[in-house]
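> requesting a structural model of the entry that follows:
(2 chains)
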There are 2 protein chains.
Amino acid sequence: MDSGFDFDHYKDLLEKKQYQKLRKELPEQNEVDIAQFIESLDKKMSTLAFRMLPKDMAADVFSYLASESQQFIIESITEQELSRIVEDLFVDDAVDILEELPANVVSKVLKNAQPETRRLINQFLKYEENTAGSIMTAEFIELRKNMTVGEAISRIRQVGESKETIYTCYVIDDFRFLDGVITVKDLLLSKDDEKLEKLMTTMVIKVMTSDDREDVAQLFTKYGLLAIPVVDQENRLVGIVTVDDAVDVLEQEATEDFEKMAAVLPYERPYLKTTVLTHAKNRIVWLMVLMVSSMITGLILGRHEAAFAALPILITFIPMLTDTGGNAGSQSSTLVIRGMAVSEITPSDLGKVLWKELRISLLVGFVLAMFNFFRILLLHTGGMKLAFTVSLSLYATVIFAKTIGCSLPVFAKITRLDPAIMASPMITTIVDAISLIIYSSLAVKLLGL
Amino acid sequence: MDSGFDFDHYKDLLEKKQYQKLRKELPEQNEVDIAQFIESLDKKMSTLAFRMLPKDMAADVFSYLASESQQFIIESITEQELSRIVEDLFVDDAVDILEELPANVVSKVLKNAQPETRRLINQFLKYEENTAGSIMTAEFIELRKNMTVGEAISRIRQVGESKETIYTCYVIDDFRFLDGVITVKDLLLSKDDEKLEKLMTTMVIKVMTSDDREDVAQLFTKYGLLAIPVVDQENRLVGIVTVDDAVDVLEQEATEDFEKMAAVLPYERPYLKTTVLTHAKNRIVWLMVLMVSSMITGLILGRHEAAFAALPILITFIPMLTDTGGNAGSQSSTLVIRGMAVSEITPSDLGKVLWKELRISLLVGFVLAMFNFFRILLLHTGGMKLAFTVSLSLYATVIFAKTIGCSLPVFAKITRLDPAIMASPMITTIVDAISLIIYSSLAVKLLGL
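Below you'll find the predicted structure:
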């Protein structure tokens, strides 16, 4: 289930200075594993190991290293070596790397880039975060519609080396307008003398540089694509997004949703690599906001202090009411948040969703309320009236919880907020207040307190 | 940002019986869009539209239809048409389709399959759900190591049509042992007379049929692959998993995690297509379990009824304490659950995680407790002792919440349960009980109630 990379073996070769053997064996491994291996070494050893790599592999391995290791290597290698790596990197990887590095290191990198590469990198650095422009690459294969299949294949064999993907090729005209796309599969399965014009797909699924990267990634899921072309405002081809980058986006966006649902600020680094202070900062904001909100709930309870003091058994039902309300609301909000994230639910479905949740809550709430009613009759001395008060409060709480839980994420989406902020913690806090208002009001009225 | 598919235009053509125009225009569209179009039609029209498709497109569009539409079409078309579709489907798609269909329809489909196809389908149906075997396909390109690049390319051009991917090819020996892999890019960028043996990668990242499909999907994320070979117990190549299926798995697994975190049973169909009764069934189980648990919390409160009756202002701090505890615990559990899902955290990190969360909770809890202490001093008449009791309870609650919140998902993982069940709802219920025990015990002791 893994690539069988043996860290210790290679570390051993390094330590025993068996460089020739290392130079021969290391390149046989996968670039991702080699990067992990280099990161596991101390600084001096890591530069040494990096320099063992053949030239055509160095840039690739470099792009998989963590920012700290990249910085250290940039500072350790010669300008000539650096220049070679910069030229070999795909523009999107170069941009990702530069965005994490300190300014002085960035200028060292750019100084060692060819003018054309520097121009491209600077252009790509301008695309806003979270857009298609920010995840696209410039290294793709361009063909012309009057080429034959044979000519196209020769062209690919000639220029394919430096391209991020060769499997989807882009047919453009003199003004870089996208005429169509053709896959290497289409080319290989056609006769050599056929014209691309006849074979290419003209109904191209494409995106704009300013489109949201999450929407772009969803297109890969929907259509099972390997690459998507990116065009500018004037419909000229400026780059492509490849499926590996789309997969990364999907993972990152899911992680961001989990973070929002956990009521923490977004993390820039993995859990274990984040300092205690940053962890604390990321968490305290929402904890404070929600704590202050729950104090308001406390004030509501305070207005009915007398009732609870008169019949203290009422207090014992508070956890059951607030927890069940919070859980019922979280169920609805989480399902709706996820449904919107994977485009199964759109804001226009609000009516349908509300109607569904209302019926679900009537059903679920009834079962829970009845269970409580008989439990209280059997186990408590408070009698019918108490049982009725608690059960009715629970029923109303579940109905409110589910209708609020399903609508708030949709309203968030409509007002261009992220639906995920309307997850569990927020819903629980809101529903707590509502359930206690219902409960204490009903208690005062029905039990005459 | 979309493929520009105009549903109304094609519906119009269907209704006006302009079949020739439809037959010409529809196939220019993407198969996924055509499937969506067919689903939007009524039963009779959908079969009509499906029959307008050219033969080489029908199976592909068919695989994207929902199960109900597939069943209806199977029942409407001739045995000959059905047979053609079954043969054209990729085995993994055929298996996915059959798993959703009623038994009588399945036997109609299998009756119309060639013996070899039937054998393959039956073999694939046996792989357990959620394994690599259940998502792999049998249509890949097999090459031999003594072939030249030129021979390999001719072979691909000859048999590529019916393969799910041609871009990664598998080099096997007479016993189907996997010698290596080679990509079409490697082939196209090499000279025609070179031997595959020299060019292929022998350090192959591969999986076993019984491996968990989520782990397999994570390999695609880690290595940016387009396909992974699947071998059996004897290391013989039996299939491949392609990146589009891996993307689907990642999406489905994230959805399952969201469902577990929402304390609902897994959904088989999208939110809007699930009936109210199924929704209710999926939700009531956990609501009931958690409700009964929170009743125990109520019993704890009940033991201290007298204290709350004697000093009813204590009641008003209950929502603040339980909510903040629940939120603090959910933050930790959600981050750890996600960290484990993306393999950033493993059970062996438990010590590190606990130590981190302990320090975070000491810091965060202190800020929250101090805020409360001064708020109570300023706004309440209860004085220093009350402020101290509430703040100390809050501090202890946050520390317990975070240490429990981060450890339970790890313990779940160790005992082979899904960590996601230790999410918000479960943690909130547990932390509620703990916070109220702390609060009422401290109140009794410190305030002398």
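> tell me if I am right that A:Pro229 is in a strand.
Yes: assigned with DSSP: H, G, I helix; E, B strand; the rest coil, A:Pro229 falls within a strand.
> which stretch of helix or strand covers the spatially most central residue of chain A?
By Cα atoms, centre = their mean, chain A has its centre lying nearest to A:Glu253, at 1.3 Å. A:Glu253 is located in helix A:243-261, with elements delineated by DSSP states H and E.
> how about that helix and chain B, touching?
Yes: against chain B, helix A:243-261 shows contacts by Cβ under 8 Å from any Cβ of the partner chain at A:243-244, A:246-248, A:250-251, A:254-255, A:257-259, A:261. Where you see a C-beta, it was placed from the backbone N, CA and C, and this is true even at glycine.
> ok, now which ones touch the residue nearest to the centre of chain A?
A:214, A:217, A:341 (Cβ atoms under 8 Å, 6 or more residues apart in numbering or on different chains).
> so the first one is in which element?
A:Glu214 is located in helix A:213-223, with elements delineated by DSSP H and E.
> is chain B contacted by that helix?
Yes: counting by Cβ under 8 Å from any Cβ, contacts between helix A:213-223 and chain B involve A:215, A:220-223.
> and the two most separated of those?
Greatest spatial distance in the residues of helix A:213-223 next to chain B: A:Asp215 and A:Tyr223, 12.7 Å, computed using Cβ to Cβ.
> just confirm A:Gly239 is within a helix.
No: looking at A:Gly239 with three-state DSSP, it is strand, so not inside a helix.
> what's the closest non-adjacent residue to it?
Excluding its sequence neighbours, the residue lying closest to A:Gly239 (Cβ to Cβ, 6 or more residues apart in numbering or on different chains) is A:Met136, at 3.5 Å.
> try A:Thr322
Spatial nearest neighbour of A:Thr322, excluding adjacent residues (Cβ to Cβ, 6+ apart): A:Asp432 at 4.7 Å.
> a strand runs through A:Cys169, doesn't it?
Yes: assigned with three-state DSSP, A:Cys169 falls within a strand.
> pretty sure it is touching A:Lys185, no?
No: A:Cys169 is beyond contact range of A:Lys185, at 10.8 Å (criterion: Cβ atoms under 8 Å).
> higher neighbour count, these two?
Legend: neighbour count by other Cβ atoms under 10 Å in any protein chain shown for A:Cys169 and A:Lys185, higher for A:Cys169 (26 against 19).
> neighbour-wise, which one of the residues of helix A:213-223 next to chain B leads?
A:Phe220 (24 neighbours).
> filter the residues of helix A:243-261 next to chain B to the buried ones?
Neighbour counting over the residues of helix A:243-261 next to chain B (16 or more other Cβ atoms under 10 Å in any protein chain shown) leaves A:243-244, A:246-247, A:250-251, A:254-255, A:257-259, A:261 as the buried ones.
> could you find the lowest-pLDDT member of those?
Lowest pLDDT within those is found at A:Met261 (84).
> against B:Ile421, how distant is it?
Using Cβ to Cβ, to the nearest Å, A:Met261 is found at 15 Å from B:Ile421.
> can you check A:Leu65 too?
The value you get for A:Leu65 to B:Ile421, if Cβ to Cβ is used, is 36 Å.
> before we move on, back to that, now list the buried members of the contacts of A:Glu253.
A:214, A:217, A:341.
> run a quick neighbour tally on A:Ile421.
Around A:Ile421 there are 16 residues (other Cβ under 10 Å).
> surely it touches A:Lys260?
Yes: A:Ile421 lies in contact with A:Lys260 (Cβ under 8 Å); the separation is 5.4 Å.
> please compute how far the helix or strand bottoming out on mean pLDDT in chain A lies from its chain's middle.
Least confident helix or strand of chain A, by mean pLDDT, DSSP states H and E, is helix A:305-310 with a mean of 83. Centroid separation between helix A:305-310 and its chain, computed with Cα atoms, centre = their mean, to the nearest Å, is 48 Å.
> next helix or strand past the longest helix along chain A?
Counting by DSSP state H, the longest helix found in chain A is helix A:383-414. Using DSSP H and E, the helix or strand that follows helix A:383-414 in sequence is helix A:424-446.
> export that next one to CSV, keeping only CA atoms.
Extracted in CSV, the C-alpha atoms of helix A:424-446 (Å, rounded to 0.1, in the frame of the first residue of the first chain):
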residue,chain,number,x,y,z
SER,A,424,-23.0,23.4,15.0
PRO,A,425,-21.5,26.0,17.4
MET,A,426,-23.6,28.9,16.1
ILE,A,427,-26.8,26.9,15.8
THR,A,428,-26.4,25.4,19.2
THR,A,429,-26.0,28.8,20.8
ILE,A,430,-29.0,30.2,19.0
VAL,A,431,-31.2,27.2,19.7
ASP,A,432,-30.2,27.1,23.4
ALA,A,433,-31.6,30.6,23.8
ILE,A,434,-34.8,29.7,22.0
SER,A,435,-35.3,26.5,23.9
LEU,A,436,-34.9,28.2,27.2
ILE,A,437,-37.3,31.0,26.3
ILE,A,438,-39.9,28.4,25.3
TYR,A,439,-39.3,26.3,28.3
SER,A,440,-39.4,29.0,31.0
SER,A,441,-42.4,30.7,29.4
LEU,A,442,-44.4,27.5,29.1
ALA,A,443,-43.4,26.6,32.7
VAL,A,444,-44.6,29.9,34.0
LYS,A,445,-47.9,29.6,32.1
LEU,A,446,-48.8,25.9,32.3
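> quick check: buried residues in it?
A:424-440, A:442-444.
> isn't A:Ser440 up against A:Gly298?
No: A:Ser440 lies out of contact with A:Gly298 (Cβ under 8 Å); the separation is 11.9 Å.
> where does pLDDT dip in the stretch 101-250 of chain A?
For the stretch 101-250 of chain A, no stretch is flagged by pLDDT under 70.
> show me where it has helices.
A:103-111, A:115-125, A:132-135, A:149-159, A:184-188, A:196-199, A:213-223, A:243-261 (DSSP state H, counting those that start in this stretch).
> tell me the spacing between the residue lying closest to A:Lys163 once chain neighbours are set aside and A:Thr183.
Sequence neighbours aside, A:Glu139 is the residue nearest to A:Lys163 in space, at 4.8 Å (criterion: Cβ to Cβ, 6+ apart). A:Glu139 sits 17 Å away from A:Thr183, taking Cβ to Cβ as the criterion.
> per the record, what domains does chain A have?
A:7-126, A:141-260, A:273-446 (automatic domain parsing).
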